[in-house]
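Asker: Just to be clear, the model below is a prediction. Sequence and coordinates:
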Amino acid sequence: MNILKFGGTSVGSVESISALIEILKPLQGDENPIVVLSAMGGVTNALLDMAENARNLRDYGDALKLVEEKHFKVIRTLLPAGAQNPVLTKLKIYFNELEDILQSVYNLRELSAQTRDLILSYGERCSTVMISHIAKRQFPDALYVDGAELIKTDSNFGQAKVNTYMTEMLINDFYEANNNKMLFVTGFISSNDEGRVTTLGRGGSDYTAAIWGAALNASEIQIWTDVDGMLTADPRIVKKAFSLPELSYTEAMELSYFGAKVIYPPTMIPAFLKKIPIVIKNTFNTAFAGTYIKHGVSPSNLPIKGISSIDEISVLNLSGSGMVGKAGFSGRLFSMLSREQVNVVLITQSSSEHSITFAVKPADSLKALSLINKEFELELQARKLEYPEVENGLSVVAIVGENMKRTPGMSGKLFSALGRNGVNVRAIAQGSSEYNISVIISKTDLSKAVNAIHDAFYADLKKTLHIFCLGTGNIGKTLFKQLQDQMPFLADNNDLQVKVMGVSNTRKMYLDPRGIDLNTWEEDLNSQETKASLPDFIRRMKAMNLPNCVFVDNTASHNPVEFYLDILQSSISVVTCNKLGNSADYEQYAAFKKAARTYGVDFFYETNVGAGLPIIRTLKDLMLSGDKVGSIEAILSGTISYIFNNYKDGVLFHEVVKEAQEKGYTEPDPRDDLNGKDFMRKMLILARDAGYALEEKDIELENMLPPSCMAAESVADFYKELKNNSAYFEGLKNQAIKDNKVLRYIGKLEGGKVSINLQMVDEDHPFYTLSGSDNIISFTTNRYKDRPLVVKGPGAGAEVTAAGVFADIINVGKR
Ligand SMILES: NC(=O)c1ccc[n+]([C@@H]2O[C@H](COP(=O)([O-])OP(=O)(O)OC[C@H]3O[C@@H](n4cnc5c(N)ncnc54)[C@H](O)[C@@H]3O)[C@@H](O)[C@H]2O)c1
Ligand SMILES: N[C@@H](CCO)C(=O)O
Ligand code: NA
C-alpha cells in the first residue's frame with residue numbers, strides 16, 4: 001500500500017484539489033492508498049497570525065472570515081448544491097470553536113504553546129474534512145481520519161516527540177479495522193497522553209506520512225508538491241538545473257540541509273529505518289516521474305547529485321594563541337553554542353589550531369558573538385584571544401553526492417570552476433563522510449558560482465536524449481530495432497543514452513515518464529486505452545519538460561508538420577524523414593530554420609534526400625565554409641532507380657514496381673515516387689539548402705505516368721492501371737535497349753532553375769552505371785569545379801533510412 005501526502009499548495013485551490021482527485025482515481029482498488037493532507041496553502045500562517053493578534057488585543061476576525069471563505073469557496077465549486085450542507089455544517093462548527101478559542105486568548109491575553117497547537121490543528125482538520133467529503137463522490141469508501149488521535153507524543157507542544165511504540169500500535173489497529181476504506185488523514189497533528197493536541201514541528205505532514213508508512217510497512221511514500229522533485233540546483237539560480245531521478249537518503253539529507261525545501265529530512269527517518277522509498281512528485285505535472293529517495297540507488301553517472309546553497313550566512317572567526325594546543329577548546333565553544341540553541345551551519349579550523357571559523361544564520365550572529373564574549377571573557381581580556389567579529393553578506397555553496405567519495409578530482413573541479421570565474425573562497429569545509437564539500441563565498445558571487453559549478457560538473461555528463469517518435473511503419477519500426485541493438489554501444493562509445501519517452505501512430509499513443517521498453521514497445525502501445533491525439537501527444541511531451549528532448553517524425557503526413565514550429569519554440573529538437581515540412585512553402589521552411597537557431601535546438605532532416613546518404617550534411621558543410629553551388633545533377637528516387645535497374649527482359653513494369661514497394665523503397669503510395677513528386681520535393685529541399693528560395697511551382701517536372709494511372713482511386717487500382725499500360729512502358733524499355741542506352745530519371749539544378757526529366761543515357765554518362773536502389777548526386781561548386789563532388793549509394797529502404805534518422809538523433813546529442 002502507498003501513502004500519498006499532499007502539501008499546502010496541492011490542497012490550496014479548486015484546481016489543485018481537482019488535480020488531487022484525478023491522481024487518486026487510478027489508485028483506488030483492492031489496496032486503497034492512504035492520503036495524508038496538509039492545511040490549505042497559507043492557512044497555517046494565517047492561524048498563527050490570528051493567535052498572535054488575539055493575544056495582542058488586535059483584530060483576528062477578518063482573517064478568520066477569509067480562511068473560512070477559502071474553504072467554502074472550494075466546497076461550493078466542487079460539490080453540487082445538494083451535497084454541500086453536511087460538510088459546510090461540519091466546517092462551520094470548527095470555525096465556531098476556533099473563534100471561541102481565539103476569543104479566550106484575547107480575553108486572557110495569553111497564548112500558551114498548548115493553545116497554539118490547538119489553534120493550528122484546525123488547519124489540517126478543516127482541509128481534510130473538506131477534501132474527504134469532496135472525494136466521497138468519486139470514492140464512496142473515503143473516510144476522514146483525525147490523525148491526532150493515532151499519533152501519540154510527549155507534551156512538548158510545538159515540537160512534540162513521538163511515542164513510536166504506542167503510535168504504531170494505534171495505527172495498525174485502526175488500519176486493520178478500516179483497510180477497506182480510502183483514508184484521508186490529517187497531517188502535522190498528534191496528541192499527548194491526556195489527549196491534548198500537539199504538533200509535530202517543521203515538515204510535520206511529511207512526518208505524518210513517514211510515521212504511517214513505517215507503521216504499516218508501506219511500499220512507497222509519495223510526497224506530492226508543486227515542483228518537479230529535487231533538482232540539481234535551485235532553478236531560480238541555475239536555468240539548466242534538472243530534476244534528479246534518484247537520491248540516497250544521505251544525499252537527500254545533505255541536499256536539503258542547505259536550501260532545497262521540498263522535504264524536511266528528519267521527517268524521513270521512520271521511512272529510512274524501514275527502507276521505504278520516498279518519491280517526490282508534482283501535483284501540477286503528473287507527467288514527471290518523480291525523484292526517488294531510497295536505499296540502494298542505482299549507480300549513477302552523475303559526478304555529484306546536486307548543488308545546494310544558503311544565500312545569507314554570517315561568519316565568525318575566533319583566533320589567538322590561547323587556542324593552540326588547548327584540548328577541549330573547540331568543545332567548549334561549540335557545546336556552549338549548542339546549549340544556547342545557536343545552530344552552527346559549518347565549521348573549519350586551521351591546522352595551526354590558531355583559528356576557528358564557523359558560520360551561523362544571520363539571526364543568530366549577534367547572539368553568538370555576545371555568548372563568546374561572555375564565555376571567553378578572561379581569555380579575551382588577557383589578549384589570548386582576539387575579539388571576534390561578525391562578517392555578513394556571505395553565502396554557503398555545497399556540492400553533494402555519494403559518488404564523490406570514490407572519485408578523485410571532485411574538489412579540484414569545484415575550486416578550479418570557482419577560480420576560473422574569479423570567485424574568492426572565504427572558507428572551506430568537507431564532511432569526513434565525503435558526501436559534501438562546502439565553501440563560503442561572498443553573497444554577490446553566489447549566482448555566478450552556482451552556475452559555474454553546475455557547468456563544471458554537468459556539462460560533460462553522459463547525456464540522455466529523450467525522444468518522442470511519431471510513426472510506427474516501415475521506418476519507425478526499423479528505427480526502434482536499431483536503437484535497441486545499439487544501446488550498449490552508444491553508452492560505451494558515445495557516452496550517450498537514448499530513451500524513448502513517447503510513441504504514437506494514427507491509432508494509439510503511449511507516453512511513459514520512466515521511458516518505454518524497446519523489447520515490448522509494440523505490445524505496450526497496442527494495449528494502451530488512449531486513442532492517438534497529436535495535440536495531446538505534443539502537450540504531454542512538453543509537460544514532461546525533459547532536457548535534451550527530440551521529436552522524431554517518421555510519418556508521411558502533413559499533420560505533424562503543423563506542430564514543428566511550436567515544438568522548436570519549446571526548445572525541443574526535431575528530426576524528420578518526412579519531406580512534407582521542408583517542401584511546402586519556402587516561408588515555412590525558413591521559419592523552421594530560424595526557430596531552431598533562435599531557440600538553440602536542432603532541426604535535422606538528412607533522410608529527406610537520399611535516405612541515409614550524407615547529402616544534406618555535405619551540402620551544409622560546403623555552404624558553411626563559404627563554397628557556392630553552381631549546379632547539381634542527381635538521381636534521387638531510389639524507387640525509380642531500382643525499377644530501371646531491374647526492368648529487364650521478361651518482366652513487366654508493374655511487377656518491378658511491386659518489388660520496389662515490397663523492398664520498402666517506395667513511399668506509402670508508390671505514385672508519389674513514379675510521378676516524380678517525391679523527387680521534386682527532394683530537389684526543392686536541396687535547392688533551398690543551396691540558397692535558392694524556390695517554390696514547387698518553379699520546378700519543371702516531367703511525369704512519366706500515363707494519366708489513367710494517376711487517376712486510379714486506390715493503390716490497388718493503380719497497379720491494375722499500370723498493368724493495363726504495360727505496352728507503354730515496354731515501348732520505353734525496348735527503345736533504350738535498341739539504342740544501347742539506359743533509362744534514367746534525372747534532376748538538375750542550374751542557374752537557379754530546377755528540372756526533372758526522363759532521359760535515355762549511354763555509357764559515357766556518369767549516371768549510366770547505377771545499380772539497385774542507388775541514388776547519385778554530383779555537386780559542381782566553386783571549389784569542385786573541374787571534377788564534381790559525388791555522393792553515391794543506396795538511397796531508399798527501411799534500414800538505410802532508419803540509420804539516417806538514428807544518426808540525426810545522435811547528432812542532436814553531440815551538441
Ligand atoms: N522508405 C524509404 O526509403 C524512405 C526514405 C527516406 C524517407 N522516408 C520517409 O519516411 C516516412 C515514413 O515512411 P514509411 O515507409 O515508414 O511509412 P509507413 O506508411 O510505413 O508508416 C507511416 C507511419 O506514420 C503513422 N502516422 C501517419 N500520420 C500520423 C499522425 N498524424 N500521427 C501519428 N502517426 C502518424 C502511421 O500510423 C504509420 O505508423 C515518409 O515520410 C517517407 O517519405 C522513407
Ligand atoms: N521513396 C523514396 C524513399 C527515399 O526518400 C525513394 O524511393 O527514393
Ligand atoms: Na540523406
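Answerer: Yep, that arrived. Ligands and ions are numbered 1, 2, ... in the order given.

Asker: Contact partners for the residue nearest the centre of the chain?
Answerer: Nearest to the geometric centre of the chain sits residue 546, at 3.1 Å (CA atoms, centre = their mean). Counting by CB atoms under 8 Å, 6 or more residues apart in numbering, residue 546 makes contact with 466, 501. Heads up, the C-betas are built off the backbone N, CA and C, glycines and all.

Asker: With ligand 1 as the reference, measure out to it.
Answerer: Counting by CB to the nearest ligand atom, to the nearest Å, the gap between residue 546 and ligand 1 amounts to 20 Å.

Asker: Same question for residue 782.
Answerer: For residue 782, the distance to ligand 1 equals 30 Å [CB to the nearest ligand atom].

Asker: got it, and residue 521?
Answerer: Distance, residue 521 to ligand 1, by CB to the nearest ligand atom: 13 Å.

Asker: what's around residue 497, how many residues?
Answerer: Residue 497: 17 surrounding residues under other CB atoms under 10 Å.

Asker: element containing the closest residue to it other than its chain neighbours, please.
Answerer: Leaving aside its sequence neighbours, residue 497 sits nearest to residue 464 (CB to CB, 6 or more residues apart in numbering; 4.5 Å). In the assignment (DSSP states H and E), residue 464 maps to strand 463-470.

Asker: And residue 338, by the same measure?
Answerer: Here residue 338 is assigned to helix 329-339, by DSSP H and E.

Asker: Show me which positions of that helix end up buried.
Answerer: For helix 329-339, the neighbour count (16 or more other CB atoms under 10 Å) marks 329-330, 333, 336-337 as buried.

Asker: packing partners for it?
Answerer: strand 344-349, strand 355-360, helix 362-375 (3 or more CB pairs under 8 Å, 6 or more residues apart in numbering; DSSP states H and E).

Asker: So the closest residue to ligand 3 within the stretch 151-300 of the chain: helix, strand or coil?
Answerer: At 32.2 Å from ligand 3, residue 240 is the closest residue in the stretch 151-300 of the chain, using CB to the ion. Following DSSP: H, G, I helix; E, B strand; the rest coil, we place residue 240 in the coil state.

Asker: and if you look at residue 491?
Answerer: Classification of residue 491 by three-state DSSP places it in helix.

Asker: Spatially nearest residue to it, not counting backbone neighbours?
Answerer: Distances taken as CB to CB, 6+ apart place residue 497 nearest to residue 491, at 5.9 Å, with adjacent residues excluded.

Asker: The helix or strand the one you found falls within to strand 463-470, inter-axis angle?
Answerer: Applying DSSP H and E as the criterion places residue 497 in strand 496-504. Taking axes from the mean of the first three to the mean of the last three CA atoms, to 10 degrees, one finds strand 496-504 and strand 463-470 inclined to each other by 20 degrees.

Asker: what helices or strands is the next helix or strand along the chain from strand 496-504 leaning on?
Answerer: Next in sequence after strand 496-504, counting helices and strands by DSSP H and E, comes strand 509-511. Counting contacts by 3+ CB pairs under 8 Å, 6+ apart, strand 509-511 packs against strand 496-504, helix 521-526, helix 534-544.

Asker: closest one to residue 123 among those?
Answerer: When the helices and strands packed on strand 509-511 are compared by CB to CB, helix 534-544 sits nearest residue 123, at 30.7 Å.

Asker: wait, does that closest one make contact with ligand 1?
Answerer: Yes: Helix 534-544 comes into contact with ligand 1 (CB under 6 Å from any ligand atom), by way of residue 534.

Asker: Now that helix - C-alpha only, PDB.
Answerer: Provided in PDB are the C-alpha atoms of helix 534-544 (Å, rounded to 0.1, in the frame of the first residue of the first chain):
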ATOM      1  CA  LEU A 534      -1.400  14.500 -31.900                       C
ATOM      2  CA  PRO A 535      -2.100  17.700 -29.900                       C
ATOM      3  CA  ASP A 536      -2.300  15.600 -26.700                       C
ATOM      4  CA  PHE A 537       0.900  13.800 -27.600                       C
ATOM      5  CA  ILE A 538       2.700  17.100 -28.000                       C
ATOM      6  CA  ARG A 539       1.200  18.700 -24.900                       C
ATOM      7  CA  ARG A 540       2.300  15.800 -22.800                       C
ATOM      8  CA  MET A 541       5.700  15.800 -24.400                       C
ATOM      9  CA  LYS A 542       6.200  19.400 -23.400                       C
ATOM     10  CA  ALA A 543       4.800  18.900 -19.900                       C
ATOM     11  CA  MET A 544       7.400  16.200 -19.200                       C
END
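
Asker: Could you list the buried residues of it?
Answerer: Of all the residues in helix 534-544, those buried under the rule 16+ other CB under 10 Å are 534, 537-538, 540-544.

Asker: of all these, which comes closest to ligand 1?
Answerer: Using CB to the nearest ligand atom, residue 534 comes nearest to ligand 1 of the buried residues of helix 534-544, at 5.2 Å.

Asker: which one is the closest one nearest to, not counting chain neighbours?
Answerer: Excluding its sequence neighbours, the residue lying closest to residue 534 (CB to CB, 6+ apart) is residue 559, at 5.6 Å.

Asker: would the one you found count as being in a strand?
Answerer: No: under three-state DSSP, residue 559 sits outside any strand and is assigned coil.

Asker: wait, doesn't it sit right on residue 535?
Answerer: No: assessed by CB atoms under 8 Å, residue 559 is found out of contact with residue 535, at 9.7 Å.
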